[in-house]
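Q: Sequence first, predicted coordinates after that:
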Amino acid sequence: MFDNLGQIVSSILEGLPVTVAATVGGVALTIVLAFTAGLAMLSKSRTIRFISRVYVEGFRGTSEVVQLFWIYFVLPALVGLQIIPLFAGILVLGFNHGAYGAEIVRGAVQSVPRAQYEGAIALNLGPADRMRRVILPQAVVEMLPPFNNLFIQLLKSTALLYFISAGEMTERGELLRPALPMSQLTVIYGVELLFYLLLAILITVVMRALERAGARRLGRRPPARRKVFASSAAGGA
Amino acid sequence: MAHSEWTRREFLRRTAAVGAVAVGGPTLLSACQSTGGGQNTLDAARSSGTIRIGIANEQPYGFADSSGNVTGEAPEVARAVFRGMGINNVQNSVVTFDQLIPALNARQYDVVSAGMFITPQRCSAALFSNPDYTALSALLVPRGNPQQVNNFTDVAQKNVKLAVLSGAVEKGYATSAGVPEGNISTLDTQDSMLRSVIDGRVYAAALTDISLQWLVRQNPGAAVEVTQSFQPTENGQPVISAGGFVFRPGDEPLRDAFNQQLGSLHQSGDWVRIAEPFGFSAANVPQPDVTTQRLCST
Amino acid sequence: MDWDWQNAINALPLLAEGILVTVELTVLGSLLAYVLGLVFALIRQLRVPVLNQAVYLFVEGVRSTPLLIQVFVFFYLLQPALGIRLSAFVTGVIALGVHYATYTSEVYRAGIEAVPKGQWEAARALSIPRMRVWTGIILPQAVPRVLPALGNYTISMFKETPLLLAIGVVDVLNSAKEVGAETFRVIEPYTLAGVFFLLVSYPASILVRRLERRVGTV
């Protein structure tokens, strides 16, 4: 049963750096876009609010798989550019989850108590300083649990890069499928699932550490140690 | 408080910096390679010594072996051809068969090396090399072939389910033999077709005889067998099935240079030497009267 | 290559067939997720021995791994191993339903926990049978509040259905791919598929937000 285990693990391991790169790149882009669009949705300017709404609804409304197909097959044909699959994947993952993240940022900023704004105004802080020094530090801590869920969603979505031949773990496994005896399918999928599970746990561990650090900095009591999984907060998808 | 304030800001700033690099860096450096700019694909490949081919993970035409290396009749022939053209680095992308031409036109690679048959419809969307090989059709059936299904007419008459590869020619053969749409299961990969027959989801699967004979040899434990090879018919006319390499419209120089090398491989006998390990023989070398022009026009 | 209206119009009939399949997948998958999620949540809430732990591990495992691989495992591994043979469509419905049940179970849990403690205490004081407490008191209060969250998961599921093309489900995206396989042009069908998703999910999300304002949220 495990005759080909070494071969399978090493082949899927070759896809691991791509999966990790897609996740890290996607998470980084998500953070940038979530903050940009999330804060833009709270802007006083109607135009800015409208543009960020269009971005958020546009990316949340169209399916991620369709977006991948579109950026891989349609965009290059329309503009005559070649896009490297991994980069296309990072773009779609980032823009898509950034749209979900924008709602998290908006919600967290709005949840900061009114008194904090008033206090900041009383201290004569300008709008930028108010946001940077008073509101965001508190809001960021609120965002961490939902972002944890979002990043795990993003990690899971990297498997969709199979459709655009980015060379990540799922594609490595599918490529291997016909090359090995049929019974080895169990091992292939077992190894893949295990890797994704470990990466998901890793994300949660990191985010929990940030949560504790963030709570300490705010002088709040750090959240109790919870189990390795992220699910206690609902929402996220 | 001042200290923690600084760290928080630092955290935010670093996050933003990482994000900016992730967004901006690849864009500027490598992500979008303009493929226009006056230079044609042949010149670009010659000057960089690199070309990218597309395969569909179909054995034995173009597939990944158990260590993940791409091999097969078409990639190996393509490598020999490109070596002859001074292009030594051949990279590959794997997509499903039905996406080979769309991905070619989306510039994900420059040549389809998947043993794709030359048909008039495909000729209208892409350029074909000279015929690389000819093959016959066959069906993959359960061992013993209990329903005695030996060709597409049998599939229609016995009312059994048939798997075809999405975007491949066999679907047309099947429907023109009278197989109802509801009995045709269009699958994405050769491996899914094999598993569908083994798991009993369909009775038969249709591909070239080369492909199916190879599958049965590779999976001795699977309770399947291949029918006798036959020449398929479409609309009552026998179809000559010859496969070739596929290029983007406008890449005529690349195709012409490719044809020249392919011709000498066929003539020197090197082609048979390269293709033999994949189940091909001299019988698969196209006859002189089988030309791309003829296959494109019927 | 440019947009070609003729090709877009020619693609519509095939796309329409795919749209129907996508909608069916979403409706049936959601129903399964709503029911199964409640079952999961009740098993957890009632602390049914053994099942409780089993459901916990199952829920966390499913939530931490990609749906695409779960679909492959269910189709190519589990069904032959169990000696069953479901069509790609039914496989898709079950995979979607089970995957999303792990999310809806959390929604129900939050909904049940949001029912005020006093309700439990009052029920106990009146010595209402346990079964009646659930069906007559707790769930009727919990369920309306979870509806918006369930709606959101249905929208998410709707947008995830296209990955089922990997096992041969002919949804809207697979239909678009088929158009591409026939015409070798994918600009129009893939763009139309995206527009379809937007046209359905945007109004749906507005409806869910409106519902949220009416019944609150968990």
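A: That came through fine.

Q: State the distance from C:R209 to A:R60.
A: 12 Å (CB to CB, to the nearest Å). All C-beta atoms are positioned from the backbone trio N, CA, C, and that covers glycine.

Q: nope, C:V146 is what I meant
A: Counting by CB to CB, the gap from C:V146 to A:R60 is 21 Å.

Q: Among these two, which residue is more densely surrounded?
A: C:V146 (27 against 23; other CB atoms under 10 Å in any protein chain shown).

Q: That one touches C:E106, doesn't it?
A: No: using CB atoms under 8 Å, C:V146 is not in contact with C:E106, being 9.9 Å away.

Q: Tell me where chain A has helices.
A: Ranges of helices in chain A, per DSSP state H, are A:5-40, A:46-61, A:64-69, A:75-79, A:85-111, A:114-122, A:127-129, A:136-157, A:169-176, A:185-217.

Q: For these, which has the smallest mean pLDDT value?
A: With a mean of 83, helix A:127-129 has the lowest mean pLDDT of the helices of chain A.

Q: Would you mind pulling the contact partners of that one?
A: Outside helix A:127-129, the residues within contact range by CB atoms under 8 Å, 6 or more residues apart in numbering or on different chains are A:A120.

Q: let's see it at 10 Å
A: A:44, A:120-121, A:123, A:135 (CB atoms under 10 Å, 6 or more residues apart in numbering or on different chains).

Q: mind checking which helix or strand of chain C has the lowest mean pLDDT?
A: Ranking every helix and strand in chain C by mean pLDDT, DSSP states H and E puts helix C:130-132 at the bottom, with a mean of 87.

Q: next SSE after that one?
A: Downstream of helix C:130-132, the first helix or strand assigned by DSSP states H and E is helix C:139-160.

Q: low pLDDT regions in the stretch 1-150 of chain B?
A: B:1-39 (pLDDT under 70).

Q: if you set the cut-off to 90 instead, what comes out?
A: Scanning the stretch 1-150 of chain B for pLDDT under 90 picks out B:1-40, B:65-69.

Q: Buried ones among the contacts of helix A:127-129?
A: Buried members of those, counted by 16 or more other CB atoms under 10 Å in any protein chain shown: A:120, A:135.

Q: how about the contacts of helix A:127-129, which pair is most distant?
A: A:K44 and A:L123 (20.9 Å; CB to CB).

Q: To C:I138, which of the helices of chain A lies closest?
A: Short answer: helix A:136-157, nearest of the helices of chain A by CB to CB, at 26.0 Å.

Q: Longest helix in chain C, please.
A: helix C:5-45.

Q: so after it, what's the next helix or strand?
A: Immediately after helix C:5-45, counting by DSSP H and E, sits helix C:51-63.

Q: check contacts around the residue nearest to C:R185 when sequence neighbours are not counted.
A: Using CB to CB, 6 or more residues apart in numbering or on different chains and skipping residues adjacent in sequence, the residue nearest C:R185 is C:N7, 5.2 Å away. By CB under 10 Å, 6+ apart, C:N7 lies in contact with C:179-180, C:183, C:185-189, C:192.

Q: One more: B:G236?
A: B:S176.

Q: Pull the number of nearby residues for residue 89.
A: No chain in the question, so chain A it is. Neighbour tally, A:G89, other CB under 10 Å: 31.

Q: my question was about chain C
A: By the criterion of other CB under 10 Å, C:F89 has 18 neighbours.

Q: ok, now how distant is it from B:D98?
A: Distance, C:F89 to B:D98, by CB to CB: 19 Å.

Q: In PDB, could you pull the C-alpha coordinates for the helix or strand hosting B:A114?
A: Per DSSP H and E: B:A114 is located in strand B:111-117. The C-alpha coordinates for strand B:111-117 follow below in PDB (Å, rounded to 0.1, in the frame of the first residue of the first chain):
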ATOM      1  CA  VAL B 111       3.300  24.700 -29.200                       C
ATOM      2  CA  VAL B 112       0.700  22.000 -28.400                       C
ATOM      3  CA  SER B 113       2.500  18.700 -28.100                       C
ATOM      4  CA  ALA B 114      -0.200  16.300 -27.300                       C
ATOM      5  CA  GLY B 115      -0.800  14.200 -30.400                       C
ATOM      6  CA  MET B 116      -3.700  16.400 -31.400                       C
ATOM      7  CA  PHE B 117      -5.600  15.200 -34.600                       C
END
